[in-house]
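Chemist: what would the 3D arrangement of this be:
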Amino acid sequence: MRFSVRSLLTVALAAGVLACSSESLTQSESVAARLVGTWSATFDSPGNSLILTLSAHDSTVTGTGTYAGEAGPSGALTVDGKVTGATIDLDMHYDSGHQMHFRGDLTGFDHLNGVWFSEPVGDPAPISFDKVR
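Modeler: This next block holds a predicted model:
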């Protein structure tokens, strides 16, 4: 009897851990919650930076950020977006009036991968972010 109760508890615990880990990267609210924090874009060119500080409520994402170009402008931006399933859509509104759109997903708890394009719509380019806080 003791062996079967212990076995059942082990199986139940394992099932709970698996359910929580798979759910955390596929359900909109769980994905949005994982986005909360500060993210830094990865660029090949030195001097370029894009930092986003995001918050979330349910599947809605908002935030602020800063940007800098290698030899170009720098400034602030605001972010608004949503999470649908595992897909993350963010709109970045630069203080210069420029807008960029991001579409991607979490490829781990601290890595965001996708494409971004400008408005008016330009060709999508790959971009990735790492969570720094």
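
Chemist: neighbours of residue 97, how many?
Modeler: For residue 97, the count of nearby residues is 6 (other CB atoms under 10 Å). All C-beta atoms are positioned from the backbone trio N, CA, C, and that covers glycine.

Chemist: offset the numbering so it begins at 29, please.
Modeler: Fine by me, first position is 29 from now on; the one you just mentioned is residue 125.

Chemist: using the three-state scheme, assign residue 62.
Modeler: Recorded secondary structure, residue 62: helix (DSSP: H, G, I helix; E, B strand; the rest coil).

Chemist: that one and residue 123: what is the separation?
Modeler: According to CB to CB, to the nearest Å, residue 62 stands 27 Å off from residue 123.

Chemist: what about these two, which has more around it?
Modeler: residue 62 (20 against 13).

Chemist: that one and residue 113, how far apart?
Modeler: 13 Å.

Chemist: ditto for residue 154
Modeler: 21 Å.

Chemist: likewise for residue 92?
Modeler: As judged by CB to CB, residue 92 and residue 113 stand 25 Å apart.

Chemist: lowest-pLDDT helix or strand in the protein?
Modeler: Within the chain, no helix or strand scores below helix 30-51, which has a mean of 39 by mean pLDDT, DSSP states H and E.

Chemist: so for the helix or strand where residue 58 lies, mean pLDDT?
Modeler: Secondary structure from DSSP states H and E places residue 58 in helix 56-63. Summarised as a single mean, pLDDT over helix 56-63 is 89.
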